[in-house]
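Colleague: no sequence on this one, just coordinates:
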Ligand SMILES: [Zn+2]
Ligand SMILES: [Zn+2]
């Protein structure tokens, strides 16, 4: 009879465990990608006992949550800790453990299948250049700082990318400031440049013999307050990648109302997406109130993007430029032999994710976009690069606007340390993105930067 009682108790406990496990599985599915690194993976494989394997994963998740110090995780930690206590005390039957182990394996299989590696990132589709003479730009963007030939060489050889899109501005994004800057230098026309300057970038691309990667001639075209482009170039067959952007400073008066009104802004974004030449809708919300962007009609934006074959840009300029290049690579802030920058970067990515991971870093927008990924929503993760401490060359040194950044030689040990540090940063960023991708259900099919060049070219040829 005593035996009967113990079995009944155990059955009750198991029912509790089972329902508990289903609750927790939600978190496991969402967050395992954050902790599923090579070490955890090999430990997991070394453990042969199913119950121990479950505990191993839960322990990793629990300690990860604790280190992130994020309120949203408080509940999850509590749940996981409770289950671990249960598991320690209750002698769960093999059957239950086997069931739980199986569902864990399914989650792991899903993560493995959808884990997107930084090496799958084949190329950047938003880059600014500038070839200059006597410090005055003669082609490219007024706000770019690197010669076309050097950008292409670096992306193809050092970064091992398969393609790149050179996307200089159709007009300066802030004509007034540019006039103020360039006016005294006697070259007001550089601030008001038009299609001719972008065309001269294309000549520079054509002059490169055997580039080591596919170069798409692109443009970052301004969307005017009335929804029209400010350039005729996108309709030319020569242009292969049309990035459409709203830059409110281009016309402060014209955008004054739009940048505060989510309805008007949504309408304008939709006009940009519906333009038959647009390939990528860039940095939505740039230069607007922080509150505006959550209030946009993301459902309409996403479904129009799908039906018009337009990718939504995840712009990581603040991450690459402000956080990594300006701060983390600064030896004044993090000494050459320091590794503190790693925790610093992780902290910034989790605490200020909407700044550094763009639209995908904002959990509200992420949730609103989620249903559209299985239906074919595409994103483009772009750096919007204007300069880089790693791209130099004689041209950059002589003429570059940013020549003070280009004085590092690759034989210099500081330069090598910075390069290594940069790659460590990319690996940390990769992990953060993997967590988001698995939460939202983004696969490489959704990310156009992961396409082979031919497939990307087909995607971009939308007018055909
Ligand atoms: Zn822009
Ligand atoms: Zn740009």
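Modeller: Thanks, I have the structure now. Just so we're clear, the structure is a prediction, and the values are computed from it rather than from any experiment. Ligands and ions are numbered 1, 2, ... in the order given.

Colleague: rest of the way, CA atoms for contacts and neighbours
Modeller: Will do.

Colleague: my guess is residue 270 meets residue 302, correct?
Modeller: No. Using Cα atoms under 8 Å, residue 270 is not in contact with residue 302, being 9.5 Å away.

Colleague: With neighbour numbers in mind, choose between the two.
Modeller: A direct count of neighbours by other Cα atoms under 10 Å for residue 270 and residue 302 places residue 302 higher, at 26 against 19.

Colleague: From what I see, that one and residue 369 are in contact.
Modeller: Yes. Between residue 302 and residue 369 there is a contact under Cα under 8 Å: 6.8 Å.

Colleague: What is the burial count for residue 118?
Modeller: With other Cα under 10 Å as criterion, residue 118 counts 15.

Colleague: One more: residue 336?
Modeller: 15.

Colleague: Is it in a helix, a strand, or coil?
Modeller: coil (DSSP: H, G, I helix; E, B strand; the rest coil).

Colleague: Over to residue 462?
Modeller: coil.

Colleague: Could you check how far it is from residue 308?
Modeller: 9 Å (Cα to Cα, to the nearest Å).

Colleague: Give me the common contacts of those two.
Modeller: residue 276 (Cα atoms under 8 Å, 6 or more residues apart in numbering).

Colleague: And the helices in the stretch 1-150 of the chain?
Modeller: 2-35, 38-46, 50-68, 71-89, 94-114, 148-153 (DSSP state H, counting those that start in this stretch).

Colleague: Show me which residues of the last one are buried.
Modeller: Neighbour counts over helix 148-153 (16 or more other Cα atoms under 10 Å) mark 148-153 as buried.

Colleague: Next, format those residues as TSV and append pLDDT and distance to residue 89.
Modeller: Compiled in TSV, these are given as follows (pLDDT from 0 to 100; distance: Cα to Cα, whole Å):
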residue	pLDDT	distance to residue 89
148	91	65
149	89	66
150	88	63
151	92	60
152	93	61
153	90	61
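
Colleague: okay, how far is it across stretch 305-314, tip to tip?
Modeller: Across stretch 305-314, first to last residue, Cα to Cα, it's 14 Å.

Colleague: for that stretch, which positions count as buried?
Modeller: 305-306, 308-314.

Colleague: which one of the residues you listed is nearest residue 391?
Modeller: The closest of the buried residues of stretch 305-314 to residue 391 turns out to be residue 314 (Cα to Cα; 23.1 Å).

Colleague: Let me know the secondary structure of the nearest residue to that closest one once chain neighbours are set aside.
Modeller: Excluding the flanking residues, the one nearest residue 314 by Cα to Cα, 6 or more residues apart in numbering is residue 381, at 4.7 Å. Secondary structure, three-state DSSP: residue 381 is strand.

Colleague: next one: residue 314
Modeller: strand.

Colleague: Compute the distance between residue 14 and residue 96, please.
Modeller: Taken as Cα to Cα, the span from residue 14 to residue 96 is 7 Å.
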